[in-house]
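In: Structure here, sequence nowhere to be found:
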């Protein structure tokens with residue numbers, strides 16, 4: 001493959017073209033010098049001053065052309081070097097941008113992997129509403145027909161809200177019953193205390209009655225004994241004398 005086929009940049013091609021022209025001009029000068037030396041060596045007499053001057057003028061003209069080509073080549077070479085530096089800078093900046101984009105891409109891959117893991121965790125999470133005892137869907141739809149066309153997600157949310165509302169109502173009823181129970185317990189305790197006090201009063205009354213009865217019984221026994229004693233005395237005084 002030729003060098004021209006490998007290089008496609010116009011600036012570099014112009015440098016190669018100028019270098020080729022400078023090379024051809026250098027070869028032409030060398031050929032001119034070689035012809036002059038051959039003519040001098042083959043001639044028996046030295047060249048005339050006019051021929052020498054003509055040869056020098058031709059050589060000087062060719063040298064000026066060569067200097068022109070060399071100056072053009074230096075300018076193109078300097079421009080190519082500057083372009084190369086600019087290209088290197090642009091390449092470095094492009095590489096840095098690519099590295100930054102590659103890093104961002106890696107971060108996106110990592111974030112994507114993390115989000116997929118989170119999604120899988122959410123999809124596989126054992127939500128409490130799955131085990132939450134709620135009313136069957138048919139019963140819920142019979143009382144809330146407006147959700148008949150709702151999606152599964154919206155229907156589940158509506159059922160949870162309905163269950164929450166029902167439980168709040170039941171909790172309110174439970175608290176009301178608890179308060180009523182506490183009031184009944186206080187009332188029962190008051191009546192129990194009142195009955196206990198009444199039992200104490202009855203026991204004290206019964207105890208007092210027993211004491212009174214015992215007093216009366218003692219008096220009755222005393223009276224009876226007195227009567228028996230008096231009866232015995234009377235009977236002894238009426239016994240006939242022998």
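Out: Yep, it's here. Everything numeric in this text was worked out from a predicted model, so none of it was measured. Numbers count the residues shown, from 1 in each chain.
In: going forward, measure contacts and count neighbours with C-alpha atoms only.
Out: Will do.
In: element containing residue 64, please.
Out: Assigned by DSSP states H and E, residue 64 falls within helix 49-124.
In: packing partners for that helix?
Out: helix 10-42 (3 or more C-alpha pairs under 8 Å, 6 or more residues apart in numbering; DSSP states H and E).
In: now the helix it packs on, how far from the centre of its chain.
Out: 75 Å (C-alpha atoms, centre = their mean, to the nearest Å).
In: what angle do that helix and helix 49-124 make?
Out: Counting by axes from the mean of the first three to the mean of the last three C-alpha atoms, to 10 degrees, helix 10-42 points 160 degrees away from the direction of helix 49-124.
In: same question for helix 10-42, mean pLDDT?
Out: If you average the pLDDT over helix 10-42, you get 76.
In: What about residue 7? Give its phi and psi, please.
Out: phi -100, psi 120 (degrees, to the nearest 10).
In: what does the model give it for pLDDT?
Out: On the pLDDT scale, residue 7 gets 72.
In: Share the number of residues neighbouring the closest residue to it other than its chain neighbours, please.
Out: Of all residues beyond its chain neighbours, the one nearest residue 7 is residue 13 (6.9 Å), with distances taken as C-alpha to C-alpha, 6 or more residues apart in numbering. By other C-alpha atoms under 10 Å, 14 other residues sit near residue 13.
In: Would you confirm that residue 73 contacts residue 21?
Out: No. Counting by C-alpha atoms under 8 Å, residue 73 does not reach residue 21; the two are 9.2 Å apart.
In: Show me which helix runs longest in this structure.
Out: When the chain is parsed with DSSP state H, its longest helix is helix 152-237.
In: And the helix holding residue 64, how far out from the chain middle?
Out: With C-alpha atoms, centre = their mean, you get 44 Å for helix 49-124.
In: Relative to residue 126, how far out is residue 116?
Out: Per C-alpha to C-alpha, to the nearest Å, residue 116 is found 17 Å from residue 126.
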